[in-house]
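Asker: Below are the sequence and a predicted model; questions follow.
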Amino acid sequence: GISLNKGEDGGCLALVGFLFELKCLALFCFLGSGVSHVLTLALQELSLLCKRDVNGVGTLYDLLRSRWLQALLKNPSLCFLFYIYQVVELLHQAPQSGEIKELRRLLRSPHFKALLSAHDTVAQKDFEPTLPPLPDNIPENEEAMRIVCLVKNNQPLGATIKRHEITGDITVARVIHGGLADRSGLLYAGDKLVEVNGVPVEGLEPEQVINILALSQGTIMFKLIPVSDRPVSNQTTLYVRAMADYWPLQDPAIPCADAGLPFKRGEILQIVDQNDALWWQARKVSDLSACAGLIPSNHLLKRKQREFWWCQPFQPHLCLKSSMFACMPDVFSSTVPLPHPAGFRRSMRLCRRKARLNQQSCYSRCPSSCYSTLAAPYEEVVRYQRHPTDRHRLIILVGPAGVGVNELRRRLITSNPQEFQSATPHTTRVQKSYEMNGREYHYISKETFENMVYSHRMLEYGEYKGYLYGTSIDAVRTVLDAGKICVIDLEPQGIQIARTHELKPYIIFIKPPSIGCMRQTRKNARIITDYYVNMKFKEEDLQEMEESAKKMEAQFGQFFDHVIVNDNLQEASAQLLSAVHRAQDEPQWVPAVWICSDNQP
Ligand SMILES: Nc1ncnc2c1ncn2[C@@H]1O[C@H](COP(=O)(O)OP(=O)(O)OP(=O)(O)O)[C@@H](O)[C@H]1O
């Protein structure tokens, strides 16, 4: 704002103070219409002061309203110089108070002079480099040249170049979004380079041009012929979830490895440019201020994955353990049942574990999930926040055997059974005397169970001791329809089946801490088996858990919305609770097809 110095030493000092402040404001808006705005403000303030009859203000008011001064004020450069001149004049005449001395010191200081000089330079449009005058008779067919001067400032140029196969011309191949060249607005894909730092590029290889660029310090000067039909960018920004890892430094095909954007499966990318069929430009949503980088296009990444996949030795799917179940006695059937809520029964858990070991069953159950990333290396995602009146999102916990998935799930549910519930599994085994249909299990015939499997109503299922066990979509739906948050644990192969518009699952990976940490924390932990009750974790169990977690992350990490390291049980439980609430109440990235399409899966 503008204030008027109404000091004891009269109107002169008031005038000086006012002019100084006005000048400072004018300085900040000297390049635009801001000056006249400043003047209007000054006049308003002065008219108020005139009414209050402040000494000398009337004169200043007349001065500022005069036509000649207003004309000057419309020219920022002149206006500024005029003020300085006025201030200096007035300072000579003014009584030498402390404030006047302070003002003179300010005006004489080097940084203030530099500021004035910068202002004058800009106002006179005195830019570097000074171009030679245009020759008088330019032939009509002469191509227009542009000279572009960029200050490098230790940043990469943010553009790639290529050599035209037929003409041999060196052209700008692409300009990276947010990079130096892009921010300058002076270089475009397709511009033909004629000279770089005064060196003609005709006949040079792109690598030689890059060398010139790399060696240049400070500024780089391009002489170029601008591209005639500059592509109009009508692209909309797209957000995708990476379904594969990508390391540009290990990709010999990338046009410029330094311009590549490395990413890991599961990361959300903002795609800003898809002009090139092979190389897109993207940023990570975790760092949107960074300049974009090159990523393989959908088509190209798919091709790369296919090539990579074919050249890999065959690896069995999630091969964790050799099976020990088929001939084991059913210790569960002879033990007294524990008062666990539904979904925690030992037979069901052992059945799941058996299914995990049975590669055959995985392939037959979810052929699409195993190699689905080959089909879609990027999954389009949108930001989704559940409406408070919508059903809750399904919470799925995934983790290697023994990591504590059930312990965490049980703690969550018992912490508030009104809010959280598990889905009651189905089984074909006979109901026991102490069991209740729908509490421990839904007891159904083998025929009904198989029908549910064929009609894709099972999220996962398996066989254990001749009986079928499984978690159905209907059982999950029942919990969600009751207004509760359904929390289930699932083998990762079942994730793809659960990822639907209806269930909108939020997937949490429970990760083991380091083996050293597990040795400390798992001293009293008991592994669940069907051959020993209360068996302690052995060293091999811990190693196997770590191995299994790595494999799960490598194969299914792209689907994990959140990862919790189960180190300290209390802390992991607290993290789980807050993650579950965040999933329900805060915006999250979800597949676009869950939200946008009418044909939602
Ligand atoms: N952070 C922890 N610290 C100490 N003990 C833990 C921790 N988390 C889990 N445990 C213990 O480890 C044992 C195995 O946990 P839990 O039964 O939950 O494993 P799980 O992941 O569900 O395995 P499975 O898939 O085989 O059922 C239990 O005794 C449990 O109390």
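Answerer: On my side now, so go ahead. Quantities reported herein were computed from a predicted structural model and do not represent experimental measurements.
Asker: Model confidence for the residue of the stretch 51-200 of the chain found nearest the ligand, exactly?
Answerer: Residue of the stretch 51-200 of the chain nearest the ligand, by Cβ to the nearest ligand atom: residue 178 (42.7 Å). Where you see a C-beta, it was placed from the backbone N, CA and C, and this is true even at glycine. pLDDT, residue 178: 88.
Asker: Can we start the residue count at 3 from this point?
Answerer: Yep, numbering from 3; the last one is residue 180 now.
Asker: ok but it is inside a strand, no?
Answerer: No - Residue 180 is assigned coil when assessed by DSSP: H, G, I helix; E, B strand; the rest coil, not a strand.
Asker: Isn't it up against residue 293?
Answerer: Yes - at 3.9 Å, residue 180 and residue 293 qualify as touching, with contact defined as Cβ atoms under 8 Å.
Asker: Neighbours of the residue of the stretch 53-202 of the chain closest to the ligand, how many?
Answerer: Counted with other Cβ atoms under 10 Å, the neighbours of residue 180 add up to 17.
Asker: Phi and psi next, for it.
Answerer: For residue 180, the backbone dihedrals (degrees, to the nearest 10) come out as phi 80, psi 0.
Asker: State the distance from it to residue 248.
Answerer: As defined by Cβ to Cβ, to the nearest Å, residue 180 lies at a distance of 19 Å from residue 248.
Asker: Can you tell me which residues in this structure are near the ligand?
Answerer: Contact residues (Cβ under 6 Å from any ligand atom) of the chain with the ligand: 351, 355, 401, 403-409, 523-524, 527-528, 530, 568, 571, 574.
Asker: rerun at 8 Å
Answerer: Within the chain, the positions near the ligand by Cβ under 8 Å from any ligand atom are 351, 354-355, 401-412, 491, 512, 515, 523-530, 539, 568-571, 574.
Asker: nearest spatial neighbour of residue 106, skipping sequence neighbours?
Answerer: The shortest distance from residue 106 to any non-neighbouring residue, by Cβ to Cβ, 6 or more residues apart in numbering, is to residue 93 (5.6 Å).
Asker: element containing the one you found?
Answerer: Using DSSP states H and E, residue 93 sits within helix 78-95.
Asker: repeat for residue 350
Answerer: Counting by DSSP H and E, residue 350 is found in helix 348-359.
Asker: how about the host helix or strand of residue 102 as CSV, C-alpha atoms only?
Answerer: For residue 102, the host element (DSSP H and E) is helix 100-110. Extracted in CSV, the C-alpha atoms of helix 100-110 (Å, rounded to 0.1, in the frame of the first residue of the first chain):
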residue,chain,number,x,y,z
GLY,A,100,18.3,10.9,9.6
GLU,A,101,15.7,9.7,7.2
ILE,A,102,17.0,11.8,4.4
LYS,A,103,20.5,10.5,5.0
GLU,A,104,19.1,7.0,5.0
LEU,A,105,17.3,7.6,1.7
ARG,A,106,20.5,9.0,0.0
ARG,A,107,22.4,6.0,1.3
LEU,A,108,19.9,3.7,-0.2
LEU,A,109,19.9,5.5,-3.6
ARG,A,110,23.6,5.4,-3.8
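Asker: burial of whatever residue of the stretch 153-302 of the chain ends up closest to the ligand, as a residue count?
Answerer: Among the residues of the stretch 153-302 of the chain, residue 268 lies nearest to the ligand; the distance is 21.1 Å by Cβ to the nearest ligand atom. For residue 268, the number of neighbouring residues by other Cβ under 10 Å comes to 21.
Asker: Enumerate every residue touching it.
Answerer: Residue 268 sits next to 243-244, 559-562 when contact means Cβ atoms under 8 Å, 6 or more residues apart in numbering.
Asker: how about 10 Å then?
Answerer: Contacts were defined as Cβ atoms under 10 Å, 6 or more residues apart in numbering; by that measure residue 268 touches 243-247, 509, 511, 555, 558-563, 565, 591.
Asker: now, which of those residues lie within strands?
Answerer: 243-244, 509, 511, 565, 591 (DSSP state E).
Asker: ok, so of those residues, who is nearest residue 547?
Answerer: residue 511 (13.1 Å; Cβ to Cβ).
Asker: Give me the spatial nearest neighbour of the closest one, chain neighbours excluded.
Answerer: residue 562 (4.2 Å).
Asker: circling back: buried residues of the helix or strand that comes right after the helix holding residue 102, list them for me.
Answerer: Using DSSP H and E, the next helix or strand after helix 100-110 towards the C-terminus is helix 112-125. Under the neighbour-count criterion of 16 or more other Cβ atoms under 10 Å, helix 112-125 has 121, 125 buried.
Asker: what does stretch 226-243 give?
Answerer: In stretch 226-243, counting by 16+ other Cβ under 10 Å, buried: 226-228, 240-243.
Asker: thinking again about what came up before, tilt between the helix holding residue 102 and helix 112-125?
Answerer: 50 degrees (axes from the mean of the first three to the mean of the last three Cα atoms, to 10 degrees).
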